[in-house]
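Asks: Structure here, sequence nowhere to be found:
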């Protein structure tokens, strides 16, 4: 079974947790074994939102995951990027894993969104899914559906 | 015993924070302007026992006369800080060994 790693950023954006659950379920249905790497606070949000572990059953602490990460350990990296630090984390995971990668980039400030996208374009070959979003996950959900169609083929 | 950056920052007071809660590019400029010598490493390279997080090339500041290292330190919710701290000479040698494009300022 192919393995996917979902990388979560700081959980302060309300869109991240529902989209993470949605993405994890989507990837599981496609046939990936999904692991979510996150901070303890982002992990708590997942635990409460998905208390039976229906959508996410493999979680790992972000720092522990990074410490032991090896090239090609996962077949797919999906990262949520909505802060400068999340760009740095995604680029770092991308360079260590050297695997197919998708960045889900969102910010309510259009200048910051453009900056994040430029940094990712300059430093990775990842597929970029982006929208001006903070509270409303729908624009990103639609784009995730479209991008993940390629994974189903 | 190998150096552990996380533990050192928790248990020591001999380090200096040059900037905190910054963007990576801002932190990078601080390092490049601070240290007499800059070595660059790849994202994920291990320095002082910790993976270095950032956008390549990532600067590590070296001051051999004072035996100090200056490096970026990123956390998901707090952005990037720049930490300057004293190290053993062998830790500087380890950075030299993994540097991808060493150059003097």
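Replies: In hand now; what should we look at? In this text, all values refer to a predicted model and were calculated from it rather than measured experimentally.

Asks: Residues of chain A that sit close to chain B?
Replies: A:9-10, A:12, A:39, A:41-42, A:62, A:66-67, A:69, A:83-89, A:91-96, A:119, A:123 (CB under 8 Å from any CB of the partner chain). Placement of C-beta: from N, CA and C, glycine included.

Asks: One more pass at 7 Å, please.
Replies: Residues of chain A lying near chain B by CB under 7 Å from any CB of the partner chain: A:9-10, A:39, A:62, A:66-67, A:84-86, A:88-89, A:91-92, A:95-96, A:119, A:123.

Asks: Out of the residues you listed, list just those in helices.
Replies: Under the assignment DSSP state H, these contribute A:62, A:66-67, A:84-86, A:88-89, A:91-92, A:95-96, A:119, A:123 to helices.

Asks: Pull out the buried members of the residues you listed.
Replies: A:62, A:66, A:84-86, A:88-89, A:91-92, A:95-96, A:119, A:123 (16 or more other CB atoms under 10 Å in any protein chain shown).

Asks: okay if I get those as TSV plus pLDDT and distance to residue A:131?
Replies: Compiled in TSV, those are given as follows (pLDDT from 0 to 100; distance: CB to CB, whole Å):
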residue	pLDDT	distance to residue A:131
A:62	96	24
A:66	96	27
A:84	97	18
A:85	97	20
A:86	97	15
A:88	98	21
A:89	98	20
A:91	98	20
A:92	98	24
A:95	97	25
A:96	98	27
A:119	97	17
A:123	97	21
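
Asks: Can you tell me which of these is closest to residue B:50?
Replies: Minimum distance to residue B:50 across those is 9.2 Å, recorded for residue A:66 (CB to CB).

Asks: List the beta-bridge partners for the residue lying closest to the closest one once chain neighbours are set aside.
Replies: Nearest residue to residue A:66 in three dimensions, chain neighbours excluded: residue B:51, at 5.1 Å (CB to CB, 6 or more residues apart in numbering or on different chains). Beta-bridge partners for residue B:51, by DSSP bridges, are residue B:46.

Asks: which ones are touching the residue nearest to the spatial centre of chain B?
Replies: Geometric centre of chain B, nearest residue: residue B:71, 1.6 Å, by CA atoms, centre = their mean. Shown in contact with residue B:71 (CB atoms under 7 Å, 6 or more residues apart in numbering or on different chains): B:47, B:52, B:60, B:83.

Asks: Next up, phi/psi of residue B:24, please.
Replies: Dihedral angles phi and psi of residue B:24 (degrees, to the nearest 10) take the values phi -60, psi -40.

Asks: Tell me the residues of chain B that contact chain A?
Replies: Residues of chain B lying near chain A by CB under 7 Å from any CB: B:23-24, B:42-44, B:51, B:53-56, B:74-77, B:79-80.

Asks: Now do the same for residue A:3: its pLDDT.
Replies: For residue A:3, the pLDDT comes out at 97.

Asks: got a list of contacts for the helix or strand where it lies?
Replies: For residue A:3, the element it lies in under DSSP states H and E is strand A:2-7. Strand A:2-7 has contacts (CB under 7 Å, 6+ apart) with A:20, A:23-24, A:27, A:31-37, A:74-80, A:89-90, A:93.
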